[in-house]
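Asks: 3D model of this:
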Amino acid sequence: MLSSLLIFEKLFAKMLERAVRKGTMNVRFASGIEKRFGDGNPPQVSVTLKDSSAARDLYFDPALKFAELYMDGRLIVADNDLDAFISVIKINGAKKFSTTPAVAITIGRMAKRIWRRRIARETAQRNVAHHYDLDKRLFKLFLDDDLQYSCAYFEKPEASLEEAQLAKKRHIAAKMFLEPGMQVLDIGCGWGGMGLFLAKTFNAEVTGITLSIEQQKVAEQRAQQAGLSDQVRFELCDYREVRGQFDRLVSIGMFEHVGQQNFTAFFQNARRLMNPDGVFLLHSIGRSKSNALDPPFIEKYIFPNGHIPALSETLQAIEKSGLLVKDVEILTYHYADTLKIWRQRFNENRDKVLALYDERFFRMWDLYLATSEMSFRHGKLFNFQIQIVKNQTQSRPTRNYIAEVETALAKADTSTTLFTSQIPDSAAPPCSGQRTSLAAM
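Replies: Below is the predicted model:
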């Protein structure tokens, strides 16, 4: 009679036989049995299951246990080649790595997800703190000097991370039709990089909001160090609590934390905060279609209650709010390239990471960065930028102004204010309405 160890190894092997049709996965089971799955072509990866319960855990819940076993050292990837391991899963389709009991577990997760998805203010702050209130020294080990924690924009393949993140800020600013002295609200301001860039470059008056205590603290310190405290302020505040109106709104990498059931309310609040000639530039990760469940590893360990939006559901929510979409741009491989550099730097600083956190944390974050890169490179994730207005008069007949403004910004000395006279006339928006003061929160 077969032992339970061999039974679950056989069941797990059948799943792999069905799932791995492209690429190659060599598996050494805890029993000592070795098997090869796939067509023998690259990508190729070898994994070892270290204990008798590993195959059982993977059979019952592969979506989560692949990650947890790796984090705990119970699943060893040869040469730590996570890129090849994740690529084999991605090119075959993650959903094929499923089993009958896994389907039942997934249905249970979906039910819990629906119940929890209406993200209240207090829940939102707790979700943000889980990730963004980690020690700031961790983020400094792999981000650029400006602490940009979102997709960079690689105008040239050989661009450095620092050059690509600066290009990202220029690209976004070019779509905002900025004039000197405008009031800008940065929703989800992170460590303040974009707000400080707009203040320094366009002489804008910026209010940045975040739910991360650590980010707000660092952003305030950076404003003081730059001598911009009278021009830029960063508040610990939920977007639903902001008062007043602004000339321009920008949000980079925050929309993924709003929650699907709050999308319409998010854009209704944005409309409330925009003056009649307001412009809102939204930058977010996107997916090919709406989903009921994000990967359980990401949900449990990285971004609790996060939801990567589909472009379709985002546009529908904008339309319901009464706002007008004037420009949509899809960025495909830029985040994959950004994540590749982040992971390289993260691994180069392994000893410094381990001085802050333990080996399990290092494995968890290495896996997070690797899976994210492969999802943009081989999966169905991308970034989108949407230019949103209240008034049709804020539209432009062509997109030429974007490159013109970017060129002017690249030529300008960003240590001084960039005035409207330095921006091509085609980019200057009609000036109407009276400026409002910074929002009282």
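
Asks: please make it C-alpha for all contacts and neighbour counts, starting now.
Replies: OK.

Asks: contact partners for Val45?
Replies: With CA atoms under 8 Å, 6 or more residues apart in numbering as the criterion, the residues that contact Val45 are 24-26, 77-78, 81, 84-85, 88.

Asks: which of these are buried?
Replies: 24-26, 77, 84-85, 88 (16 or more other CA atoms under 10 Å).

Asks: tell me the spacing between Ala159 and Cys151.
Replies: The gap separating Ala159 from Cys151 is 14 Å, by CA to CA, to the nearest Å.

Asks: quick one, which of these two is more surrounded?
Replies: Cys151 (24 against 13; other CA atoms under 10 Å).

Asks: can I assume the more buried one sits in a helix?
Replies: No - assigned with DSSP: H, G, I helix; E, B strand; the rest coil, Cys151 falls outside any helix and is coil.

Asks: quick one, helices of the stretch 201-350 of the chain?
Replies: For the stretch 201-350 of the chain, the helices defined by DSSP state H, counting those that start in this stretch cover 213-225, 263-273, 296-297, 311-321, 334-348, 350-356.

Asks: so where's the stretch 201-350 of the chain uncertain?
Replies: Applying pLDDT under 70 to the stretch 201-350 of the chain picks out no residues at all.

Asks: domain-wise, how is this structure divided?
Replies: Domain assignment for the chain by automatic domain parsing gives 4-111, 125-427.

Asks: from the chain's centre, how far out does the first one sit?
Replies: Mean-position distance between domain 4-111 and its chain equals 26 Å (CA atoms, centre = their mean, to the nearest Å).

Asks: stretch 331-350 now?
Replies: Per CA atoms, centre = their mean, the displacement of stretch 331-350 from the mean C-alpha position of its chain is 12 Å.

Asks: pull the CA atoms of it into PDB?
Replies: Output in PDB follows, covering the C-alpha atoms of stretch 331-350 (Å, rounded to 0.1, in the frame of the first residue of the first chain):
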ATOM      1  CA  LEU A 331       3.300  51.300 -20.800                       C
ATOM      2  CA  THR A 332       4.200  47.600 -21.400                       C
ATOM      3  CA  TYR A 333       7.700  46.600 -20.400                       C
ATOM      4  CA  HIS A 334       8.800  49.700 -18.500                       C
ATOM      5  CA  TYR A 335       7.900  48.200 -15.100                       C
ATOM      6  CA  ALA A 336       9.500  44.800 -15.900                       C
ATOM      7  CA  ASP A 337      12.800  46.700 -16.600                       C
ATOM      8  CA  THR A 338      12.300  48.800 -13.400                       C
ATOM      9  CA  LEU A 339      11.700  45.700 -11.300                       C
ATOM     10  CA  LYS A 340      14.700  44.000 -12.800                       C
ATOM     11  CA  ILE A 341      17.000  46.800 -11.600                       C
ATOM     12  CA  TRP A 342      15.300  46.900  -8.200                       C
ATOM     13  CA  ARG A 343      15.900  43.200  -7.700                       C
ATOM     14  CA  GLN A 344      19.500  43.400  -8.800                       C
ATOM     15  CA  ARG A 345      20.100  46.100  -6.300                       C
ATOM     16  CA  PHE A 346      18.200  44.300  -3.600                       C
ATOM     17  CA  ASN A 347      20.300  41.200  -4.100                       C
ATOM     18  CA  GLU A 348      23.500  43.200  -4.200                       C
ATOM     19  CA  ASN A 349      22.600  44.500  -0.800                       C
ATOM     20  CA  ARG A 350      21.600  41.200   0.700                       C
END
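
Asks: buried ones in that stretch?
Replies: Neighbour-count burial for stretch 331-350 flags 331-343, 345-347 (criterion: 16+ other CA under 10 Å).

Asks: would you mind measuring from Val206 to Asp186?
Replies: 7 Å.

Asks: correction: Phe376
Replies: 26 Å.

Asks: same thing with Ala370?
Replies: 29 Å.

Asks: now Lys390
Replies: Applying CA to CA, the value for Lys390 to Asp186 is 17 Å.

Asks: what count of nearby residues applies to Ile213?
Replies: 16.

Asks: show the contacting residues for it.
Replies: Neighbour list for Ile213: 129, 133, 236 [criterion: CA under 8 Å, 6+ apart].

Asks: 7 Å instead?
Replies: Applying CA atoms under 7 Å, 6 or more residues apart in numbering, we find Ile213 in contact with 133, 236.

Asks: same question, Gly23
Replies: By CA under 7 Å, 6+ apart, Gly23 lies in contact with 38-44, 88.

Asks: could you rerun that using 6 Å?
Replies: Gly23 is in contact with 38-39, 41-44, 88, counting by CA atoms under 6 Å, 6 or more residues apart in numbering.

Asks: any idea how far Gly306 is from it?
Replies: From Gly23 to Gly306 the distance is 31 Å (CA to CA).

Asks: from what I can see Arg248 touches Val279, true?
Replies: Yes - under the criterion of CA atoms under 6 Å, Arg248 makes contact with Val279 at 5.0 Å.

Asks: who has more neighbours out of these two?
Replies: Val279 (30 against 25).

Asks: is that one in a bridge, and if so with what?
Replies: Following DSSP bridges, Val279 is listed with bridge partners Arg248, Val389.

Asks: make sure Phe37 is indeed in a helix.
Replies: No - Phe37 sits outside any helix when classified using three-state DSSP, being strand.

Asks: could you count how many residues lie near it?
Replies: 20.

Asks: what's across from the closest residue to it other than its chain neighbours in the sheet?
Replies: Distance criterion CA to CA, 6 or more residues apart in numbering; nearest residue to Phe37, sequence neighbours excluded, is Met25 at 5.2 Å. Counting by DSSP bridges, Met25 is bridged to Phe37, Val45.

Asks: for Met25, what are its contacts?
Replies: 36-37, 44-46.
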